[in-house]
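Asker: Build me a model from this:
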Amino acid sequence: MDARGLAVLLLIGLVAGWLASLVVGGGGLITYLVSGVIGAFVGGFLLNLLGVNLGIKNQLASQIVTATIGAIVVVILARLIS
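Answerer: Purely as a prediction, here's the structure:
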């Protein structure tokens, strides 16, 4: 992955983590980043596994929504475990 791809991944993760924190609470820049980046992978895996198509034409918006869904799942699971 090149530097531009990594920057986009981190930016999407940051936005998704922030959006997830609005839904389930929490805060902090590092928390947003970690939950968003992990959530991007989890969201992509879960939506693919369930065969869900979001129907969003804009690829960036689709990635942010997918990452946000995954980040919400990650935060909820982390709270259940702790």
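Asker: ok, now which ones touch the residue most central in space within the chain?
Answerer: Geometric centre of the chain, nearest residue: Ala67, 2.4 Å, by Cα atoms, centre = their mean. Ala67 sits next to 12-13, 15-16, 36-37, 39-40, 43-44 when contact means Cβ atoms under 8 Å, 6 or more residues apart in numbering. For glycine as for every other residue, the C-beta is placed from the backbone atoms N, C-alpha and C.
Asker: So among the residues you listed, which ones count as buried?
Answerer: Buried residues within the contacts of Ala67, counting neighbours by 16 or more other Cβ atoms under 10 Å: 12-13, 15-16, 36-37, 39-40, 43.
Asker: Let me see the ranges of the strands in the chain.
Answerer: Applying DSSP state E to the chain gives no strands.
Asker: can you list the weak-confidence ranges in it?
Answerer: In the predicted model of the chain, residues 1 satisfy pLDDT under 70.
Asker: quick one: the helices in it?
Answerer: Per DSSP state H, the chain carries helices over the ranges 3-24, 29-50, 59-81.
Asker: so Val75 sits right up against Gly27, yeah?
Answerer: No. Val75 lies out of contact with Gly27 (Cβ atoms under 8 Å); the separation is 11.2 Å.
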